[in-house]
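Asker: based on what follows, work out the 3D shape:
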Amino acid sequence: MIHSLVFLYGYEREITVGNALITSYFRCECCSLAMRVFDEMSEKNVVTWTAVISGLAQDQFYDDSLKLLGKMHGGPVAPNSLTYLSSFAA
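Answerer: Below is the predicted model:
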């Protein structure tokens, strides 16, 4: 429902809204929806990446979490201390 309203009102390009959706979906254990939001985001910042890495680790997708951290190293956004801390669970 909320995801639909995001598109209806044109907030789909807002990074903070995408980050909030990702976090919400992981808290509800809707990993596929969280990953869909992540994949569809045109811009991603360190908060976005950290939210996904943390969410995957919390939902016990440890390998996926570590793979994403590896992808982050080769991408335009550098991990920060919270990103590394989030990956320790994996």
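Asker: mind checking the SS state of the spatially most central residue of the chain?
Answerer: Among the residues of the chain, the one closest to the centroid is Val52, at 2.8 Å (C-alpha atoms, centre = their mean). What DSSP: H, G, I helix; E, B strand; the rest coil gives for Val52 is helix.
Asker: show me what contacts the nearest residue to Ser86 once chain neighbours are set aside?
Answerer: Distance criterion C-beta to C-beta, 6 or more residues apart in numbering; nearest residue to Ser86, sequence neighbours excluded, is Ser54 at 3.7 Å. (Each C-beta comes from the backbone N, C-alpha and C, glycine too.) Residues in contact with Ser54, defined by C-beta atoms under 8 Å, 6 or more residues apart in numbering, are Phe26, Ser65, Ser86, Ser87, Ala89.
Asker: Ile53 too?
Answerer: Per C-beta under 8 Å, 6+ apart, neighbours of Ile53: Ser65, Leu68, Leu69, Met72, Thr83, Ser86, Ser87, Ala90.
Asker: give the next helix or strand downstream of the strand or helix carrying the first one.
Answerer: Put plainly, it is Ser65. Taking DSSP states H and E as the definition, Ser65 sits inside helix 62-73. Once the chain leaves helix 62-73, the next helix or strand it forms, by DSSP H and E, is helix 81-87.
Asker: does Val17 touch Tyr11 like I think?
Answerer: Yes: here Val17 reaches Tyr11: they are 4.7 Å apart, a contact under C-beta atoms under 8 Å.
Asker: between those two, which one's more packed in?
Answerer: Each of Val17 and Tyr11 has its neighbours counted (other C-beta atoms under 10 Å); Val17 has more, 17 against 14.
Asker: so which helix or strand takes in the more buried one?
Answerer: Taking DSSP H and E as the criterion, Val17 maps to helix 15-27.
Asker: so after that helix, what's the next helix or strand?
Answerer: helix 31-40.
Asker: specify the angle between that following helix and helix 62-73 in degrees.
Answerer: With axes from the mean of the first three to the mean of the last three C-alpha atoms, to 10 degrees as the basis, helix 31-40 and helix 62-73 are set at 10 degrees to each other.
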